[in-house]
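Colleague: Mind folding the following:
(2 chains)
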Amino acid sequence: MTVAVQVTDLHKSFGSTPVLRGVDLTVPKGSVTCVIGPSGSGKSTLLRCLNHLEKPDRGEIEVAGQLVGYRRHRGKLYELKEKVVAGQRASIGMVFQGFHLFAHLTVLQNVVEAPVGVLGVPREEADSRARALIARVGLAGREDAYPRQLSGGQQQRVAIARALAMRPEVMLFDEPTSALDPELVGEVLEVMKDLAAEGMTMVVVTHEIGFARSVADTVVFLDEGRVVESGPPADVLDRPGHARTREFLARVR
Amino acid sequence: MSASTVASPPETRTAAEIVPLRRPWRWTSAALVLLALAAVLWSVVTNEQFQWDVVVRYFTTGAVLRGLGLTLWLTALTVVLGFVIGGVLAVLRLSGNPVLVGVSWGYVWLFRSVPLLVQLLFWFNIGALYPALSGATPVIGPVTAVIIGLVLHEAAYAAEIVRGGILSVDSGQVEAALALGMRRGRVLRRIVLPQAMRAIIPAAGNMLIGTLKGTSIVSVLAVQDLLYSVQLIYNRNYLIIPLLLVATVWYVIVTSLLSIGQHYVERYYARGAGRLS
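Modeller: Have a look, this model is predicted:
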């Protein structure tokens, strides 16, 4: 088993409020991990630490064998320069709850911007690859639309295409369907299912228990900054071992 | 109320014509205002004291056009340099480095506090503070003093305009760009500034037009801009009103052209902002 993401003893506080209190997580390459838990349990913070959008207070994160954000030297962790961190982020795709498509750029420009500007992919190559990705998320023909002309579900699918254009090792999804109207949730989950079926390594923070059950290899239940339990969905979702997991599942169903 | 009277017969419900509210006062007030405008216009055209023939005669004389040229040049220089320095100040202010934030804040505080006129006089008399800068031909002559004063003043206001524009961009845009592996400078250039322009342009347009007219303050240092040029002429021939009109009409023309330009620049930066754009 190749490990794609390895989190060890991760701690993070905002001011005096502890959000993560010693999280361990192992995500095998090509697997899908769904992180569930009540709001405020630290799910999003965990995800945002994985690509160093938040700096951990303690603990280590390895993505694709690389220590994220730090360099180990004689038993200490030295913070990396912005340039190096940016390089690491380039291979970690992230999809946000609020889409965050670049509002002044068209769909095609959104997808092309980082491959050309960050990776230095030649324009034409980036263009044709972007068109293929846009078609893959079901939006062929909308390349020249601006984000605001699209529905939430369409915007989120473009955001997935934008992240995929960087050929990431891992895809992080931060509640990707929570901001969507109920009837638009399905189209985004479909794209994510396809992605999982193709073997993409995915870490998904979600409230969609149905999606977790059918797609996840591992479900992680997080509460008050700790992993309460984790395992195959059949165990965690249908035969939870902890009272807190049972209470949470009873509430979201 | 019995059930049978609740619903009226279908034909009266569907066929009812909509009658707009009559607004007699709207017409009356419009007519009164138009009448007043016509009276003012009539007096402006017929009052011979305006001496429109003199206005026309001096409108394109060499001295006036040279003055207009200097006014336009000063305005362009002030706005361009002011916004370059202002942009740097805005970025410093948002940098998170306490010293740079403090310096930027202090600059804006100082140059917004000192009246422009006072500042121009200071720069003009800088030789009194630093004698090395004075001499037979002073290093800082009137035109240089005017440029330094205008630019430093403009930069303080421009910094706040640019900062406001940057703050108006949703922080999610920055996070998304960072998550794609972009570095801070690229995020600012490619993602934040183009979107900040939507908030910057209207305020910057205001500033540009204000600067155009504000440059007339340089006449106190005898710099021959548009206003000072017509003043020189009417000091000789005493045709004060028509020559002030010459300057006024030029200011109005240039302001109008700038407003039209602003409209198109705004439309460019509004792309992606509306559902139908």
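Colleague: Quick check, the residue in chain B closest to chain A?
Modeller: Closest contact between chain B and chain A, by CB to the nearest CB, is at residue B:181 (2.9 Å). Every C-beta, even on glycine, is put in place using the N, C-alpha and C of the backbone.
Colleague: who's in contact with the residue of the stretch 51-200 of chain A found nearest chain B?
Modeller: Nearest to chain B, among the residues of the stretch 51-200 of chain A, is residue A:90, at 2.9 Å (CB to the nearest CB). Going by CB atoms under 8 Å, 6 or more residues apart in numbering or on different chains, residue A:90 touches A:114, A:118, A:119, A:166, B:180, B:181.
Colleague: quick one: which of the residues you listed is most hemmed in?
Modeller: Counting neighbours by other CB atoms under 10 Å in any protein chain shown, residue B:180 comes out on top of those with 30 neighbours.
Colleague: So it sits against residue A:118, correct?
Modeller: Yes: using CB atoms under 8 Å, residue B:180 is in contact with residue A:118, at 6.5 Å.
Colleague: tell me, what's touching these two both at once?
Modeller: With CB under 8 Å, 6+ apart as the test, residue B:180 and residue A:118 both reach A:90, A:166.
Colleague: May I ask which helix or strand encompasses the residue most central in space within chain A?
Modeller: The residue lying closest to the centre of chain A (CA atoms, centre = their mean) is residue A:172, at 1.2 Å. Using DSSP states H and E, residue A:172 falls within strand A:170-174.
Colleague: Please identify the buried residues of stretch B:33-45?
Modeller: Across stretch B:33-45, burial judged by 16 or more other CB atoms under 10 Å in any protein chain shown covers no residue at all.
Colleague: Could you do stretch A:214-221 as well?
Modeller: For stretch A:214-221, by 16+ other CB under 10 Å, it's A:215, A:216, A:217, A:218, A:219, A:220, A:221.
Colleague: Now it: average pLDDT?
Modeller: In this model, stretch A:214-221 has a mean pLDDT of 95.
Colleague: Same question for stretch B:110-119.
Modeller: 94.
Colleague: Report the contact partners of the nearest residue to residue A:114 once chain neighbours are set aside.
Modeller: Leaving aside its chain neighbours, residue A:114 sits nearest to residue B:180 (3.8 Å; criterion: CB to CB, 6 or more residues apart in numbering or on different chains). By CB under 8 Å, 6+ apart, the contact set of residue B:180 is A:89, A:90, A:113, A:114, A:118, A:162, A:163, A:166.
Colleague: Out of these, which is nearest to residue B:167?
Modeller: residue A:113 (22.4 Å; CB to CB).
Colleague: Share the number of residues neighbouring the closest one, please.
Modeller: So residue A:113, with other CB under 10 Å, has 22 neighbours.
Colleague: my read: it touches residue A:106, true?
Modeller: No: judged on CB under 8 Å, residue A:113 makes no contact with residue A:106 at a distance of 10.3 Å.
Colleague: before we move on, the earlier item: so which helix or strand takes in the closest residue to the residue nearest to the centre of chain A other than its chain neighbours?
Modeller: In space, and not counting its chain neighbours, residue A:172 is closest to residue A:94: 4.6 Å by CB to CB, 6+ apart. Assigned by DSSP H and E, residue A:94 belongs to strand A:92-95.
Colleague: Point out the residues in chain A that sit beside chain B.
Modeller: A:51, A:53, A:82-83, A:86-94, A:96, A:98, A:100-106, A:113-114, A:117-119, A:146-149, A:159, A:162-163, A:166 (CB under 8 Å from any CB of the partner chain).
Colleague: Please spell out which residues along the longest helix along chain A are buried.
Modeller: Secondary structure of chain A per DSSP state H: the longest helix is helix A:182-197. Neighbour-count burial for helix A:182-197, counted by 16+ other CB under 10 Å, picks out A:184, A:185, A:187, A:188, A:189, A:191, A:192, A:195, A:196.
Colleague: Likewise for stretch B:111-129?
Modeller: Buried, per 16+ other CB under 10 Å, within stretch B:111-129: B:111, B:116, B:119, B:120, B:123, B:124, B:126.
Colleague: I am assuming the fourth one contacts residue B:146, so please confirm or correct that.
Modeller: Yes: counting by CB under 8 Å, residue B:120 sits close enough to residue B:146 to count as a contact (6.1 Å).
Colleague: shared neighbours, these two?
Modeller: Common neighbours of residue B:120 and residue B:146 (CB under 8 Å, 6+ apart) are B:218, B:221.
Colleague: ok so, going back, what sits up against the following helix or strand past the strand holding residue A:94?
Modeller: Sequence-wise, the next helix or strand downstream of strand A:92-95 (DSSP H and E) is helix A:107-114. With contact meaning CB under 8 Å, 6+ apart, helix A:107-114 is reached by A:90, A:101-102, A:105, A:123, A:126-127, A:130-131, A:133-134, A:139, A:142-147, A:150, A:158, A:161-162, A:165-166, B:177, B:180-182, B:190.
Colleague: Farthest-apart pair in the contacts of residue A:90, please.
Modeller: So, the contacts of residue A:90 by CB to CB: farthest apart are A:119 and B:180, at 9.8 Å.
Colleague: Determine the residues that are contacts of both of the two.
Modeller: A:90, A:166.
Colleague: What is the neighbour count of residue 251?
Modeller: Using chain A here. 8.
Colleague: wait, I meant chain B there
Modeller: Residue B:251 has 18 nearby residues by other CB under 10 Å.
Colleague: helix, strand or coil for it?
Modeller: helix (DSSP: H, G, I helix; E, B strand; the rest coil).
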